[in-house]
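K.L.:
3D, please:
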Amino acid sequence: MESPKVLSLTFLVAAGVVAACAHSGSNQAGAPVPAESKSTKPPTPDPRVGLKPGATDAGQAVWNLRLVSATPPSQQFVNGINSDLAFTGHYLVQGSFNGYQVWDISNQRKPRLETAYVCPGSQSDVSVYRNLLFVSGENLAARLDCGTQPVEDSVSQERLRGLRIFDISDIAHPRNVGNVQTCRGSHTHSLLVDPKDQNNVYVYISGAAPIRSPSELPGCIIAPKDPNTALFRIEVIKVPLAHPEQARIVSTPRIFNDLTKPATHGETREDSLAEARAVAEAKASGGFIAVVHGKEEVVPSQAAAEMLDSTVKARGGTGAPTAADSAALRQAIPGIVDALMKAQMAQQPDSNVGPTQCHDITLYPGIGRAGGACGGYGLLLDITDPANPKRIAAAADSNFSYWHSATFNNSGSKILFSDEWGGGTQAKCRKTDPKEWGADAIFTLTGLRDMRFQGYYKLPAVQTPSENCVAHNGSLIPIPGRDVMVQAWYQGGLSVFDWTDPKHPKEIAYFDRGPLDPEKLELGGYWSTYWYNGFIYGSEITRGLDVFELQPSGFITQNEIDAAKSVKLDYFNTQGQVKFSWPASYSLARAYLDQLERSKGMDAGKITDARAELAQAEQASGAKESRILTQLVSRLERDVNGAGDQTKVQMLAGTLRELTSTSDLARR
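P.N.:
Have a look, this model is predicted:
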């Protein structure tokens, strides 16, 4: 989630609140499993449009997916805000602004709470590796001891802004074994497991908050023009696996050097008119107005209530604020805003300077590259030296508002960046919103060095003005030979789409619920949706945890789904992307045949014959199985030159050769 505008963020931090809904209930299955459909046409009209609203009983629309279970948050996390996910073994860690929950997902129909660890500290981005859990902290109120009493002093040694490290050897009883403080806190972090280093892991820190006082953390230099400023850099933390308490910052790479401010779009006409109406309505009803950068804005009601309460206390009063208190606050607001603006400007570079920080960095050590989503740019980084990443390419796009996250395809030949226009708290999927804004931008990579734009993907379903909706966190689904991804769109639900053809990505499955409230926008929907070991898991901001299963359709066959399910991971952090590999299997071979049939990449008669021979081989054993497979491989190798998709035929032949070897080994 993007940091909101400075004024709104400051008021929210001061107020200490971000609204969310309470829920009750238990695990519940969704719609029945549909029969396999061969259709490649989505339902018309789109059932996501006009869904019944409701916190716990909203209408649902599902296509080519099955909702396996829907689990509400545990008692201590009701009314909280769920955030990102990480996976280890049969456990799922769900971050939250209140801390994190650990779920046992060995039974996807009934996830079981293993522990609810209360530790307020902003969105609590999470990653796991072996016996360690890493949690981001950024909130000015967050405490080192995870206490719920907020830190209020402007300078305090009790504050945590950085990375928490927990030992989860006993996952029901996590132990905080280390903390690394950083100058801007950790909005997000990314875990790099270097294949050349078995003793350490590296954590890349992206911090979006203001720079803390050097009196609180020495070395935190605020001045933008100082060569040692805490702006224009990320932090790389080295964590010795045997001694996580010795984790420390080993480098502060300045990957933003020489970038200039990119061109961006302004507001839509509809947003400008809506803001003007909101200001007029607030004035008419006695609300509070602030002027920020020469523009009138409505002070959020909860923030205004907190400031009124402070006004009452300042005069030594008790009880409800009086008319005199309201008048005093109106008079004080310009001074408050002026002080905030001065504090902000002290940490802002010149207006023509580019980003000072990344929102998120996706590390892909399998190809030695990282994708940095860095405010106004998408960066390509060389991470072959984990402690010293280097920028090798940068892309800007005036259609983008806030480069939020990155995803590589499995081969590393493409990279997708998402744009979190509106910061995740606004409705940006309305019928009046441009399709190029708040979308994904897809690039091809030439020689792993040159990014070339190809096309956009945006959720095709129109959402209401009361639903926060924009591209957010997602991951690849390991469909062999294709680039398929599941992505969260907040209250736009989740969307599964194929971007194998980067110029023409297309949606192939979805799930959505109606808005939390039909009249006003409340923060909700999916923060993250990720594939892990055969299922899709969705972190629902207010409603809890959802589990889905992909269903066969005209876009994806059961063989392709079975092949995807054959990929088993010991752990998964989506910002530490792993290279998928598929074990040789009959489902994998059939998946390639299905793809060749779909693309007409091989003669239809030869596909029919190959399927028949595969069926015979699977029923056979020993020498007969090996002989059938060997003959099929020989025929494919002869036919490859005349095939429309030679690469896919070669992939099929390679799988069959591996199956032959497996058959031979089984006989020994």
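
K.L.:
tell me the domain ranges of the chain?
P.N.:
Listed domain ranges for the chain are 16-71+423-582, 269-345, 586-667 (source: automatic domain parsing).

K.L.:
For these, state which one has the densest average packing.
P.N.:
Among the domains of the chain, domain 16-71+423-582 has the highest mean neighbour count (mean count of other C-beta atoms under 10 Å), at a mean of 20. (C-beta placed from N, C-alpha, C; glycine too.)

K.L.:
Check the offset of it from the chain's centre.
P.N.:
11 Å (C-alpha atoms, centre = their mean, to the nearest Å).

K.L.:
Distance of the residue nearest the centre of the chain relative to residue 543?
P.N.:
Per C-alpha atoms, centre = their mean, the C-alpha nearest to the average position across the chain is that of residue 473, at 2.2 Å. Distance from residue 473 to residue 543, counting by C-beta to C-beta, to the nearest Å: 16 Å.

K.L.:
if we can go back for a sec, enumerate every residue touching the residue nearest to the centre of the chain.
P.N.:
84, 405, 487-488, 527-530, 574 (C-beta atoms under 8 Å, 6 or more residues apart in numbering).

K.L.:
from those residues, which two are the most distant?
P.N.:
84 and 487 (13.6 Å; C-beta to C-beta).

K.L.:
Would you check that residue 566 makes contact with residue 588?
P.N.:
Yes. With contact defined as C-beta atoms under 8 Å, residue 566 reaches residue 588; the gap is 6.8 Å.

K.L.:
Find residues that contact each of these two.
P.N.:
residue 582.

K.L.:
The helix or strand hosting residue 391 pairs with which strands, and in what direction?
P.N.:
Assigned by DSSP states H and E, residue 391 belongs to strand 390-395. Paired neighbours of strand 390-395 in the sheet (DSSP bridges): strand 377-382 (antiparallel).

K.L.:
Using CSV, list the CA coordinates for the strand it pairs with.
P.N.:
C-alpha atoms of strand 377-382 as CSV (Å, rounded to 0.1, in the frame of the first residue of the first chain):
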residue,chain,number,x,y,z
TYR,A,377,10.2,4.5,-11.9
GLY,A,378,10.5,0.8,-12.6
LEU,A,379,14.2,-0.2,-12.0
LEU,A,380,16.1,-3.2,-13.2
LEU,A,381,18.9,-4.1,-10.8
ASP,A,382,21.9,-6.5,-11.0
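
K.L.:
Contacts for it, please.
P.N.:
255, 259, 262, 354-355, 358, 361, 368-373, 389-397, 403, 406, 415, 417, 441, 443, 445, 449, 451.

K.L.:
Is residue 422 in contact with residue 430, as I believe?
P.N.:
No. Contact between residue 422 and residue 430 fails when scored by C-beta under 8 Å: they sit 10.9 Å apart.

K.L.:
Show me where the stretch 301-450 of the chain has its strands.
P.N.:
Secondary structure of the stretch 301-450 of the chain (DSSP state E, counting those that start in this stretch): strands located at 360-364, 369-374, 377-382, 390-395, 403-408, 414-419, 440-446, 450-457.

K.L.:
for these, which one sits closest to residue 138?
P.N.:
Ranking these by proximity to residue 138 (C-beta to C-beta) places strand 360-364 first, at 13.3 Å.

K.L.:
Take the contacts of residue 473 and keep only those in strands.
P.N.:
84, 405, 487-488, 527-530 (DSSP state E).

K.L.:
Can you list the low-confidence ranges for the chain?
P.N.:
Within the chain, the stretches with pLDDT under 70 are 2-37, 663-668.

K.L.:
just the helices in it please.
P.N.:
Remark: helices assigned in the chain by DSSP state H are 6-15, 269-285, 301-314, 323-345, 558-565, 586-599, 604-619, 622-639, 646-667.

K.L.:
got a markdown table for the ones you listed, with distance to residue 224 too?
P.N.:
Formatted as a markdown table, the helices of the chain follow (distance: least, C-beta to C-beta, whole Å):
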| stretch | distance to residue 224 |
| --- | --- |
| helix 6-15 | 16 |
| helix 269-285 | 29 |
| helix 301-314 | 28 |
| helix 323-345 | 10 |
| helix 558-565 | 47 |
| helix 586-599 | 52 |
| helix 604-619 | 62 |
| helix 622-639 | 61 |
| helix 646-667 | 50 |
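
K.L.:
Residue 195: which of the ones you listed is closest?
P.N.:
Of the helices of the chain, the one closest to residue 195 (C-beta to C-beta) turns out to be helix 646-667, at 22.7 Å.

K.L.:
quick one: the closest one to helix 604-619, angle?
P.N.:
Here the directions of helix 646-667 and helix 604-619 differ by 20 degrees (axes from the mean of the first three to the mean of the last three C-alpha atoms, to 10 degrees).

K.L.:
now helix 646-667, how far from the centre of its chain.
P.N.:
Centroid separation for helix 646-667 versus its chain: 36 Å, with C-alpha atoms, centre = their mean.

K.L.:
can you list contacts of that helix?
P.N.:
Contacts of helix 646-667 (C-beta under 8 Å, 6+ apart): 480-481, 582, 584-586, 588-589, 592-593, 595-596, 599, 601-602, 610, 617, 621-623, 625-626, 629-630, 632-633, 636-637, 639-640, 643.

K.L.:
Verify the stated contact: residue 246 with residue 240.
P.N.:
Yes. Between residue 246 and residue 240 there is a contact under C-beta under 8 Å: 5.2 Å.

K.L.:
which of these two has more neighbours?
P.N.:
residue 240 (14 against 11; other C-beta atoms under 10 Å).

K.L.:
quick one, what contacts the more buried one?
P.N.:
The contact partners of residue 240, taken as C-beta under 8 Å, 6+ apart, are 199-200, 246-247.

K.L.:
Format the residues you listed as a markdown table; extra columns: distance to residue 210.
P.N.:
Formatted as a markdown table, the contacts of residue 240 follow (distance: C-beta to C-beta, whole Å):
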| residue | distance to residue 210 |
| --- | --- |
| 199 | 35 |
| 200 | 31 |
| 246 | 29 |
| 247 | 24 |
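
K.L.:
Make a ChimeraX selection of the buried ones in these.
P.N.:
Here is the ChimeraX command that selects the buried residues among the contacts of residue 240 (16 or more other C-beta atoms under 10 Å):
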select :200,247
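
K.L.:
now, among the contacts of residue 240, which is nearest to residue 160?
P.N.:
Among these, and counting by C-beta to C-beta, the member closest to residue 160 is residue 247, at 13.8 Å.

K.L.:
Find the nearest non-adjacent residue to that closest one, please.
P.N.:
Excluding the flanking residues, the one nearest residue 247 by C-beta to C-beta, 6 or more residues apart in numbering is residue 239, at 4.2 Å.

K.L.:
Residue 458 too?
P.N.:
That would be residue 439: by C-beta to C-beta, 6+ apart, it lies 3.6 Å from residue 458.

K.L.:
what do you get for residue 534?
P.N.:
Excluding its sequence neighbours, the residue lying closest to residue 534 (C-beta to C-beta, 6+ apart) is residue 565, at 4.1 Å.

K.L.:
Touching, the one you found and residue 532? I think so.
P.N.:
No. Using C-beta under 8 Å as the test, residue 565 is too far from residue 532 to be in contact (10.9 Å).

K.L.:
how about the residue nearest to residue 458, what does it touch?
P.N.:
399, 418-419, 456-458, 471.

K.L.:
shouldn't residue 555 be in contact with residue 498?
P.N.:
Yes. If you go by C-beta under 8 Å, residue 555 and residue 498 touch, sitting 6.8 Å apart.

K.L.:
shared neighbours, these two?
P.N.:
Here residue 555 and residue 498 share the contacting residues residue 508, scored by C-beta under 8 Å, 6+ apart.

K.L.:
a markdown table for the strands of the stretch 301-450 of the chain, including distance to residue 316?
P.N.:
Listed next are the strands of the stretch 301-450 of the chain as a markdown table, based on distance: least, C-beta to C-beta, whole Å:
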| stretch | distance to residue 316 |
| --- | --- |
| strand 360-364 | 46 |
| strand 369-374 | 48 |
| strand 377-382 | 51 |
| strand 390-395 | 55 |
| strand 403-408 | 46 |
| strand 414-419 | 49 |
| strand 440-446 | 55 |
| strand 450-457 | 57 |
